[in-house]
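S.K.: quick one, structure for this:
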Amino acid sequence: MGYQKQPELNGAYYGPSIPPPQQPRSYHRPGKRGSSGGCCCLFDCLCGCIMSCIWTILCTILVIVGVLILIFWLIVRPQEIKVHASDASLTTFNFTQNDNLNYNLAVNFSIRNPNRRLGVYYDSIEANAIYAGQRFSTVQGPVFYQGHKNTTDFGPVNFRGQHIVILGSGDKSDYEKQTTDGLYEIQLKMHLRVRFRLGLFKTGTWKPKIKCDLKVPIEGHSGQFERTKCSYDL
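M.R.: You can find the predicted model right below:
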């Protein structure tokens, strides 16, 4: 039998599929430089715990302080001091040609401490007399201690002398009308330095302000001074 030549192949291959070449695996060891995933996770958890603890502590402190303030208020029940100008007299209140105001004013005051457990130390009382928005005299009041639920009368506080007070046209009209009526509108402002006492405990210094809007009749004219309540601003 003779040799027979096989037919040439056309390039197509119909055998089993050839798998793709495998890529070399890269091994990652934890803890190597450049690998921070685990550390970041641990750091974030630690920061979150710290912030949560701080917030809890702050909230606890605020609640405790609020409860203490409420307990203090319920026990002490602090009330504001009540101040009245109980009496006033005016013997001189006139202007000279050079805008000098001559004045002689005396005012009596009544201070009421309505608190059952708080005493008050009046370390300083500065009284300022004002007319037409301008201060014309300053005097110092007494220094004293006031006990619980106590009313203290002091005075007269005397404003006497002369001071330059320049009036505008409207203020001059008001002054002329008040002179005709014999009733002058004078404002008193007092700056206090006080301390409060609860048992053996004394607070620091507080600086309340008191304002009294007075209508004082001049001596020789009909009319009497009316007891006037002053505003108290702590």
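S.K.: in the chain, what spans have low per-residue confidence?
M.R.: 1-44, 72-76 (pLDDT under 70).
S.K.: could you chop it up by domain?
M.R.: 38-76, 82-233 (automatic domain parsing).
S.K.: most packed of the ones you listed?
M.R.: Mean neighbour count, computed with mean count of other C-beta atoms under 10 Å, is highest for domain 82-233 among the domains of the chain, reaching a mean of 15. Where C-beta positions appear, they are placed from N, C-alpha and C, glycine not excepted.
S.K.: end to end, how far does that one reach?
M.R.: Start and end residues of domain 82-233 are separated by 11 Å (C-alpha to C-alpha, to the nearest Å).
S.K.: starting at the chain centroid, how far to it?
M.R.: The chain centre lies 25 Å from the centre of domain 82-233; the measure is C-alpha atoms, centre = their mean, to the nearest Å.
S.K.: wait, a strand at residue 204?
M.R.: No: Residue 204 is assigned coil when assessed by DSSP: H, G, I helix; E, B strand; the rest coil, not a strand.
S.K.: ok, it to residue 112 distance?
M.R.: With distances taken as C-beta to C-beta, to the nearest Å, residue 204 is found 23 Å from residue 112.
S.K.: likewise residue 59?
M.R.: Applying C-beta to C-beta, one obtains 41 Å for the distance of residue 59 from residue 112.
S.K.: please apply the same query to residue 140.
M.R.: Taken as C-beta to C-beta, the span from residue 140 to residue 112 is 21 Å.
S.K.: same check on residue 171?
M.R.: 34 Å.
S.K.: before we move on, what about residue 61?
M.R.: For residue 61, the distance to residue 112 - C-beta to C-beta - is 37 Å.
S.K.: what's the answer for residue 139, then?
M.R.: 22 Å.
S.K.: what of residue 134?
M.R.: From residue 134 across to residue 112, the span is 30 Å (C-beta to C-beta).
S.K.: before we move on, what about residue 227?
M.R.: From residue 227 to residue 112 the distance is 13 Å (C-beta to C-beta).
S.K.: okay, and the common contacts of these two?
M.R.: residue 84 (C-beta atoms under 8 Å, 6 or more residues apart in numbering).
S.K.: and the gap between the spatially most central residue of the chain and residue 117?
M.R.: What sits nearest the mean C-alpha location of the chain, by C-alpha atoms, centre = their mean, is residue 234, with 9.6 Å. From residue 234 over to residue 117 the distance is 17 Å, taken as C-beta to C-beta.
S.K.: next one: residue 142
M.R.: 24 Å.
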